[in-house]
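A.B. asks: Fold the following.
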Amino acid sequence: MNELLRPPSLPGTTQAAEGMLRRRFTVAEIESMVAKGIIAEEERIELIGGEVVPISPKGVRHEILRSELAFRMTRAAPPGTRVVAEAQFNLTEDTYLLPDILVYPATTKVPYVRGPSALLVEEIADTSLAYDLSAKASMYAAHGVREYWVINARTLATRVHRAPQGSEYSTVNEQAADADLVPEAVSELAIRLNDLDLG
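C.D. replies: Numbers count the residues shown, from 1 in each chain. Predicted structure coming up:
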């Protein structure tokens with residue numbers, strides 16, 4: 001259905017002229033467009049401050065790492081904790097992201113998880129490393145996400161962000177691939193990336 005609404009020759013993105021206003025979308029409007037087939041369900045987008053942002057394609061190593069992490073962390077999750085991969089994480093009425101891993105209390109259903117209720121957010125970065133370490137870190141901090149990990153898909157080094165203050169984290173540490181990564185809110189999910197079977 002999406003093909004009928006968008007000719008193949010028409011690019012999917014625009015770059016507005018400097019100073020021009022852009023229409024702001026809400027999460028509800030994007031969900032409605034997906035339900036009506038205006039935006040394809042499999043189209044990978046995030047909504048940031050009302051603007052639709054396409055997500056870069058994921059590489060093979062990224063997908064293997066995300067899959068292994070989700071499997072191991074789900075099995076280790078204590079009662080009352082949920083671990084999901086690539087769930088829609090609604091931060092505000094006009095912003096949602098699709099983190100690689102989202103950990104949250106089972107008492108809250110995933111559509112209602114907000115920044116302060118998330119126990120841990122993980123992004124696996126390959127081509128998006130600079131973006132995940134800067135813009136996304138600022139967004140997560142500004143919305144009260146208490147702990148945010150950025151895992152370098154190539155080296156398995158992890159930047160651990162904790163204690164959000166404004167749009168920054170007051171504690172940021174880099175951990176090597178052989179380090180024990182222990183989430184502050186859910187220590188049962190401790191993991192050493194070197195131990196994962198990445199083929």
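A.B. asks: use CA for all of it now, contacts and neighbours both
C.D. replies: Will do.
A.B. asks: Just the terminal-to-terminal distance for stretch 25-43.
C.D. replies: 16 Å (CA to CA, to the nearest Å).
A.B. asks: sorry, that was for stretch 46-56
C.D. replies: 11 Å.
A.B. asks: starting at the chain centroid, how far to that stretch?
C.D. replies: Its chain's C-alpha centre lies 12 Å from the corresponding centre of stretch 46-56 when counted by CA atoms, centre = their mean, to the nearest Å.
A.B. asks: model confidence over it, on average?
C.D. replies: Per-region confidence: stretch 46-56 scores 91 on mean pLDDT.
A.B. asks: Quick one: residues in contact with that stretch.
C.D. replies: Stretch 46-56 is touched from outside by 23-27, 44-45, 94-98, 128, with contacts defined as CA atoms under 8 Å, 6 or more residues apart in numbering.
A.B. asks: Can you pick out the most distant pair from the residues you listed?
C.D. replies: Arg23 and Ser128 (25.7 Å; CA to CA).
A.B. asks: Pick out whichever of the two has more residues nearby.
C.D. replies: More neighbours surround Ser128 than the other of Arg23 and Ser128, with 14 against 7 (other CA atoms under 10 Å).
A.B. asks: ok, so what distance separates the closest residue in space to the more buried one that isn't next to it in sequence from Thr127?
C.D. replies: Leaving aside its chain neighbours, Ser128 sits nearest to Ser56 (7.7 Å; criterion: CA to CA, 6 or more residues apart in numbering). Distance from Ser56 to Thr127, counting by CA to CA: 8 Å.
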